[in-house]
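Participant: build the 3D model from these lines:
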Amino acid sequence: MTGVHRYTIRVYYEDTDAGGIVYHANYFRFAERARTEALREAGIPHSELVADFGRMFVVRRSEIDYLLPARLDEVLTVVTEPISVGGASVVLRQDCRNADGETCARLVLRLACVTIGGLRADGSADMPRPARLPPRWRAGLLAMMATTCSP
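Facilitator: As a prediction, this is how the structure comes out:
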């Protein structure tokens, strides 16, 4: 996969608040699913990063702008694109768009690549530490970014 990734999701009753619009925190859930699928489609699945390298992505920073309400039973498309790739981090923009292509919510997330903490011999826990992106993950994210044409 190169360029932007599109992930389609339908808004269910459980995603809405008492007013029938998407509850604000659920946009983060939608974005998380879309990021997982974007990495998988790019050939750099998060599960392999964990299993093969003992590393994972964690959200370091998140920003979200709520622009339009999304409602029960609407179909949304989460558009994911990298906007910056560093040695141990990536910044992604994720737009949740309605069927008319209008952005309901825009998220900008900084993901950090960290080691997975483990247990020490004395039973205490190691804290996750920043770690460089493995070459295949960095190349995959850069390839996505190189072919992205932002609207």
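
Participant: I'd assumed Ala112 was in contact with Val58.
Facilitator: Yes. Using C-beta atoms under 8 Å, Val58 is in contact with Ala112, at 5.5 Å. C-betas here are computed from N, CA, C, even on glycine.

Participant: more neighbours: those two, which one.
Facilitator: Neighbour totals were compared for Val58 and Ala112, and Ala112 leads with 19 against 11 (other C-beta atoms under 10 Å).

Participant: tell me which helix or strand that one sits in.
Facilitator: Assigned by DSSP states H and E, Ala112 belongs to strand 103-115.

Participant: so what's the residue most central in space within the chain up against?
Facilitator: Compute the mean C-alpha point of the chain, and by C-alpha atoms, centre = their mean the closest residue is Arg35, 3.4 Å away. Neighbour list for Arg35: Thr80, Leu92, Gln94, Leu109, Leu111 [criterion: C-beta atoms under 8 Å, 6 or more residues apart in numbering].

Participant: tabulate those (CSV), appending distance to Asp15.
Facilitator: Listed next are these as CSV, based on distance: C-beta to C-beta, whole Å:
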residue, distance to Asp15
Thr80, 19
Leu92, 21
Gln94, 16
Leu109, 19
Leu111, 23
